[in-house]
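> Provided below are the primary sequence and the corresponding predicted coordinates.
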Amino acid sequence: MARRRRSRPRRMSAAVIAGLLGVLAPAGVAAAAPEGRIQQIESTPGQVTFLISAAGLAEGQQVDPESLVVTIGGQEVPATATLSSEAVSADDAPARRAMLVLDTSGSMGEGTRMASAKSAAQAYLTAVPDDVEVGLITFADEATRAVAPTRDRQAVASAIEGLTPSGATALYDATALAVKSLGDEGSRSIVLLSDGKDEGSATSAAKAAKAVAGSGASLDAVSLGAGSQEEQLAALAKAGDGSLVTATDAEALGEAFVAAARSMSSQLAVTVEVPADATAGTKELAATVEVDGQPVTDKTIAEVQPAAADPAAFGPRAVETDTMWSNPAFMALGIGAVFLALLVIGGLVVNTVDPSRRSDGRIRRRLSGSGAIAEPTRTSTVPRTALGDGATVRNAVAMADKVIHGERSDALENRLQTAGVPLRSSEWVVLHALIAVLTGLAFALLSGVSLGMTLFGLLLGAAGPWLFLSIKASRRQQKFYEQLPDTMQMLAGSLAAGYSLPQGLDAVARDAGGPMGQEIQRALTESRLGVEIEESLQAVATRMQSKDFGWVVMAIAMNRQVGGNLADVLRTVAATLRERERLRRQVKALSAEGKLSAWVLGLLPFGLIGYMAMVNPEYIGLLFSSVIGWMFILGGTVAMAIGLFWMSKLVRIEV
């Protein structure tokens with residue numbers, strides 16, 4: 001079935017304004033002529049369907065379906081029209097729905113406002129066509145759906161009679177609820193009545209207008225007397241391609257509601273046949289019908305899709321190929337491998353979602369792994385992991401602990417902490433190995449188990465996590481460097497205000513945010529566990545590989561030994577660090593061209609090899625099929641490595 005695309009005209013309809021002002025005009029003043037309104041446009045290949053109604057009809061007036069004329073892009077096209085009340089009788093046609101949204105706030109109890117609103121709503125029920133499903137939403141302190149859209153008029157009438165005024169005015173909440181209650185199929189309209197501006201809605205004005213505009217439903221608003229609410233109602237009516245009418249008395253209010261119902265009575269369902277030679281695209285759609293011999297016209301924009309002359313000529317064609325996947329046994333093996341990979345990933349996800357682990361947090365997991373705190377009693381002696389508490393995962397992490405230990409484990413742990421990755425070294429090794437295996441498996445399946453592509457996938461899976469860790473650590477360090485001068489200035493201000501050093505560091509940890517706030521908070525946590533504050537701060541400098549922060553720690557340690565005004569010292573240090581950061585950025589800008597050249601020259605050979613492998617594999621294959629070719633590859637690799645090393649030394653300037 002062809003996909004249906006729905007659109008609606010984006011314009012402020014003057015039709016209902018003209019019609020309703022006509023019924024509200026004083027005696028002796030001629031009513032404005034009816035005007036058209038196109039809605040609910042749907043485009044499919046070869047057809048465009050929409051609804052057109054005439055707003056501002058006097059009592060007894062009706063549109064003439066036989067007079068319909070439709071043009072697309074200025075060219076008249078064949079079209080048929082049927083009254084919507086007849087079109088919805090078909091089983092597969094979407095129903096027409098209308099929603100009465102009535103204000104029941106406390107201000108509606110003044111005078112005869114509530115009685116007039118009830119009378120107008122009852123008049124709407126009487127005038128609206130029988131096939132239209134009508135619902136009721138009321139709003140005071142909150143919006144309530146009193147009656148879902150239904151053809152049972154008595155149920156809606158009984159709910160209207162039981163309305164009592166009280167509370168505030170949740171106008172926007174009621175609008176959003178009306179849009180939701182109408183659904184997204186068929187002809188939908190909203191008649192909104194309010195006597196005051198919004199008070200207390202959880203939905204904002206912008207969200208309410210966006211909901212109306214995106215729903216495709218029309219919205220006509222009625223205001224009881226001029227007031228500040230008219231601006232809000234006008235915005236909603238504009239979003240719903242409708243109008244705002246002000247009713248000053250009970251008679252005018254009733255006429256406004258009846259006029260809205262009469263507009264639905266004149267609604268035509270139109271089907272347009274798009275010519276086969278028409279060009280696809282967005283074009284102007286115009287429709288004209290007659291009311292008592294007087295033409296009623298509306299124009300909008302619609303997407304046109306000509307019918308395909310031969311559906312078999314379009315779309316992909318099956319191509320028979322003789323590959324290894326044609327073998328049923330190999331196909332079963334591939335499906336089994338995919339299932340196994342999905343099972344492993346699903347098991348990791350399930351193990352990761354451990355409610356008992358959420359309360360412990362990252363610090364408990366790290367400390368439990370190092371033996372600083374005791375683990376809860378468990379059937380397994382293996383510490384809990386960030387990857388899950390399943391037996392398989394815990395045993396894999398324990399095995400990784402045995403494989404990497406000592407300096408290698410400490411170096412990897414420091415790298416993870418620098419990058420801000422909440423994993424222990426053994427957990428990272430297990431995750432790294434799993435990513436490498438799954439990447440290799442994915443490349444093997446995509447390439448039909450090609451040995452070269454499988455090895456490439458394994459290498460990519462092995463290098464990818466290291467590259468991610470390196471980039472994340474580098475960015476976090478850079479952010480730390482950028483925060484350092486302002487942080488020292490903040491700490492100096494805290495000390496000058498009378499804070500102690502731990503109190504000042506605590507204030508910095510709360511306000512700085514980013515890696516600086518995280519690292520200072522960790523240093524404070526370690527100091528509360530018994531570590532000297534200088535040692536915990538020096539650990540931050542080591543972990544972030546920051547000589548500048550090391551100088552700050554040195555200044556703090558010397559001040560604690562010999563005394564003096566630490567705030568003044570930190571201000572001086574902050575000024576020095578700020579100048580160093582300015583100089584570092586200047587050097588980075590001046591060396592950017594050299595770094596870009598190094599990247600281009602380093603990647604160019606690989607890009608050229610990849611391009612030649614795609615366009616002329618026989619030509620580039622000579623390099624990999626002869627001894628001389630491998631000698632050229634080895635020599636070129638060595639020369640390129642030397643050149644890149646030399647260029648990196650040229651563009652790397654220590655500040």
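Yep, it's here.
> residue furthest from the geometric center of this protein?
For the chain, the residue at maximal distance from the C-alpha centroid (C-alpha atoms, centre = their mean) is residue 562, at 56.5 Å.
> ok, now how distant is it from residue 555?
11 Å (C-beta to C-beta, to the nearest Å). Any C-beta I mention is one placed from the backbone N, CA and C, and that applies to glycine too.
> which parts of the helix or strand containing residue 439 are buried?
For residue 439, the host element (DSSP states H and E) is helix 425-446. Using 16 or more other C-beta atoms under 10 Å as the test for burial, helix 425-446 gives 425-432, 434-445.
> and residue 32, what pLDDT?
The model reports residue 32 with a pLDDT of 51.
> one more: residue 126?
Residue 126 carries a pLDDT value of 86.
> swap in the one 5 residues further on?
Note on residue 131: pLDDT of 82.
> did I read that right, residue 271 in a strand?
Yes. Secondary structure of residue 271 (DSSP: H, G, I helix; E, B strand; the rest coil): part of a strand.
> next up, the contacts around it.
Counting by C-beta atoms under 8 Å, 6 or more residues apart in numbering, residue 271 touches 47, 48, 49, 79, 80, 81.
> number of residues surrounding the third one?
Put plainly, it is residue 49. As a burial measure, residue 49 scores 16 neighbours (other C-beta atoms under 10 Å).
> can you give the domain ranges for the chain?
Split into domains by automatic domain parsing, the chain comes to 5-304, 328-449, 482-585, 592-651.
> those domains: lowest mean pLDDT?
Mean pLDDT per stretch puts domain 328-449 lowest among those, at a mean of 64.
> neighbours around the closest residue in space to residue 644 that isn't next to it in sequence, how many?
Distances taken as C-beta to C-beta, 6 or more residues apart in numbering put residue 602 closest to residue 644, at 5.3 Å, once the chain neighbours are dropped. Applying other C-beta under 10 Å, we find 15 other residues in the vicinity of residue 602.
> helix, strand, or coil at residue 602?
Criterion first, three-state DSSP; result for residue 602: helix.
> quick one: it and residue 640 touch, right?
Yes. Counting by C-beta atoms under 8 Å, residue 602 touches residue 640, with 7.0 Å between them.
> after the helix or strand that contains residue 233, which helix or strand is next?
According to DSSP H and E, residue 233 maps onto helix 229-239. Per DSSP H and E, helix 229-239 leads on to strand 244-247 as the next helix or strand towards the C-terminus.
> pull out the buried residues from the helix or strand following that following strand.
On the C-terminal side of strand 244-247, the nearest following helix or strand under DSSP H and E is helix 250-265. Neighbour-count burial for helix 250-265, counted by 16+ other C-beta under 10 Å, picks out 250, 252-265.
> mind saving the C-alpha coords of helix 250-265 as CSV?
In CSV, the C-alpha atoms belonging to helix 250-265 read as follows (Å, rounded to 0.1, in the frame of the first residue of the first chain):
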residue,chain,number,x,y,z
ALA,A,250,-26.0,34.8,25.5
GLU,A,251,-27.6,35.2,22.0
ALA,A,252,-24.3,36.0,20.4
LEU,A,253,-22.6,33.0,22.2
GLY,A,254,-25.3,30.6,20.9
GLU,A,255,-25.0,31.9,17.4
ALA,A,256,-21.2,31.5,17.5
PHE,A,257,-21.5,27.8,18.5
VAL,A,258,-24.3,27.1,15.9
ALA,A,259,-22.1,28.7,13.2
ALA,A,260,-19.3,26.4,14.1
ALA,A,261,-21.6,23.4,13.8
ARG,A,262,-23.1,24.6,10.5
SER,A,263,-19.6,24.7,9.0
MET,A,264,-19.3,21.0,9.6
SER,A,265,-22.7,20.4,8.0
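> and it, how far from the chain's centre?
41 Å (C-alpha atoms, centre = their mean, to the nearest Å).
> and what of stretch 468-481?
Worked out by C-alpha atoms, centre = their mean, stretch 468-481 lies 27 Å from the chain centre.
> for that stretch, which positions count as buried?
Using 16+ other C-beta under 10 Å as the test for burial, stretch 468-481 gives 469, 472, 473, 476, 477, 480, 481.
> out of everything not next to it in sequence, what's closest to residue 141?
Per C-beta to C-beta, 6+ apart, closest to residue 141 is residue 167, 3.8 Å.
> mind telling me what element the one you found is part of?
Under the criterion DSSP H and E, no helix or strand holds residue 167.
> confirm for me that it is in contact with residue 105.
Yes. Residue 167 is within contact range of residue 105, at 5.6 Å (criterion: C-beta under 8 Å).
> out of these two, which sits in the busier spot?
More crowded of residue 167 and residue 105, by other C-beta under 10 Å: residue 105, with 22 against 16.
> correct me, but that one touches residue 174?
No. Under the criterion of C-beta under 8 Å, residue 105 is not in contact with residue 174, lying 10.5 Å apart.
> where do the contact lists of those two overlap?
Common contacts of residue 105 and residue 174, defined by C-beta under 8 Å, 6+ apart, comprise residue 139.
> part of a strand, is residue 295?
Yes. Assessed by three-state DSSP, residue 295 belongs to a strand.
> neighbours around it, how many?
Residue 295 has 13 nearby residues by other C-beta under 10 Å.
> what's the spacing between it and residue 36?
Taking C-beta to C-beta, one finds residue 295 at 9 Å from residue 36.
> so for these two, which residues contact both of them?
Common neighbours of residue 295 and residue 36, using C-beta under 8 Å, 6+ apart, are 288, 289.
> helix, strand, or coil at residue 207?
helix.
> residues near it, how many?
14.
> I'd say it and residue 172 touch.
Yes. With contact defined as C-beta under 8 Å, residue 207 reaches residue 172; the gap is 7.3 Å.
> residue boundaries of the helices in the stretch 351-500 of the chain?
Taking DSSP state H, counting those that start in this stretch, the helices of the stretch 351-500 of the chain run over residues 355-370, 391-403, 407-419, 425-446, 451-496.
> neighbouring contacts of the helix or strand that comes right after the longest one?
Spelled out, that is helix 451-496. Using DSSP H and E, the helix or strand that follows helix 451-496 towards the C-terminus is helix 501-512. Helix 501-512 has contacts (C-beta under 8 Å, 6+ apart) with 483, 486-487, 490-491, 494-495, 499, 516-517, 520-521, 523-524, 527, 533, 556, 560, 566.
> give me that answer again for 6 Å
487, 490, 491, 494, 495, 517, 520, 521, 524 (C-beta atoms under 6 Å, 6 or more residues apart in numbering).
> what is the nearest of these to residue 189?
Lowest distance from residue 189 to the contacts of helix 501-512 (C-beta to C-beta) belongs to residue 517, with 53.6 Å.
> and that closest one, what does it touch?
Contacts for residue 517 (C-beta under 6 Å, 6+ apart) come out as residue 509.
> distance of it from residue 458?
Distance from residue 517 to residue 458, by C-beta to C-beta: 39 Å.
> also residue 493?
53 Å.
> ok, residue 38 next?
Residue 38 sits 60 Å away from residue 458, going by C-beta to C-beta.
> now do residue 582
Residue 582 is 45 Å from residue 458, by C-beta to C-beta.
> much appreciated, bye for now.
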